[in-house]
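Chemist: Sequence and predicted model, in that order:
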Amino acid sequence: MTPVEQAVAQYTPFLHREARRCARKMPPTSSYGHDDLVSEGYEVLLRCVTRFQAEQGYRFLTYYGVALAHRFGRLVGREWVRYGGAGGRPPTPLSRLTTPAEQEAWTAVRERLRQTVQVPDRFRRFRRAVHPILSMEGQDNAPKDSARSGRSGSVAPR
């Protein structure tokens, strides 16, 4: 069994999983189907088999996964640009609204959501745990020793 045949047999399930994941990211009018993505993946696999250097210390699956993600990412971005999104991103809901009244209503809803949505408590707790200085905003930052001794400096007397 040649290295190419061995790689095809071993990495086909990984390729199909990544092709399904990529197909979900494609725009609705995309010309790429699952079979097209799989064929692109096989091209990437053949290229990776010929160019892989085991001396660098990386596993082949890591090398192939990065190359496949790069190729699929380019395809998805190209398809979104063709679909009409700006910069490879899907179009905003505002661009699909046709009348000025619909656009004003959507803008009002968006602003109302911005005002009412609060940061979840778990993010505040995370911020306090990771960086205690950030959680001390608005608090008195004087050390406890200087508060007891009546001095305002941070150096305790010797």
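Modeler: Cool, got the structure. Residues are numbered from 1 along each chain as shown.

Chemist: okay, CA-based contacts and neighbour counts for the rest of this
Modeler: OK.

Chemist: What about residue 2? Give its phi and psi, please.
Modeler: Main-chain torsions, residue 2, degrees, to the nearest 10: phi -80, psi 160.

Chemist: how deep is it tucked in, by neighbour count?
Modeler: Neighbour count for residue 2, taken as other C-alpha atoms under 10 Å: 7.

Chemist: Got the confidence number for it?
Modeler: Per-residue pLDDT puts residue 2 at 88.

Chemist: I'd like the distance between it and residue 8.
Modeler: Note on residue 2: its distance to residue 8, by C-alpha to C-alpha, to the nearest Å, is 10 Å.

Chemist: do the same with residue 79
Modeler: 27 Å.

Chemist: How about residue 33?
Modeler: Taking C-alpha to C-alpha as the measure, residue 33 falls 20 Å from residue 8.

Chemist: ditto for residue 100
Modeler: On the measure of C-alpha to C-alpha, residue 100 and residue 8 end up 54 Å apart.

Chemist: Who has more neighbours out of these two?
Modeler: Remark: of residue 100 and residue 8, residue 8 carries more neighbours, 16 against 9, as counted by other C-alpha under 10 Å.

Chemist: which residues are contacting the helix or strand where the more buried one lies?
Modeler: Using DSSP states H and E, residue 8 falls within helix 3-25. Helix 3-25 has contacts (C-alpha atoms under 8 Å, 6 or more residues apart in numbering) with 32-34, 37-38, 41-42, 45-46, 49, 72-73, 76.

Chemist: Which of the residues in it are classified as buried?
Modeler: In terms of neighbour count (16 or more other C-alpha atoms under 10 Å), helix 3-25 has its buried residues at 7-8, 11, 15-16, 18-19, 22-23, 25.

Chemist: Ok, stretch 58-75 next?
Modeler: Buried residues in stretch 58-75, counted by 16+ other C-alpha under 10 Å: 60, 63-65, 67-69, 72-73, 75.

Chemist: how about those, which pair is most distant?
Modeler: The most widely separated members of these are 60 and 75, with 22.5 Å between them, by C-alpha to C-alpha.

Chemist: nearest to residue 108, of the buried residues of stretch 58-75?
Modeler: Of all the buried residues of stretch 58-75, residue 108 sits closest to residue 73, with 34.0 Å by C-alpha to C-alpha.

Chemist: what's the angle from the strand or helix carrying that closest one to helix 3-25?
Modeler: Applying DSSP H and E as the criterion places residue 73 in helix 60-83. Counting by axes from the mean of the first three to the mean of the last three C-alpha atoms, to 10 degrees, helix 60-83 lies at 40 degrees to helix 3-25.
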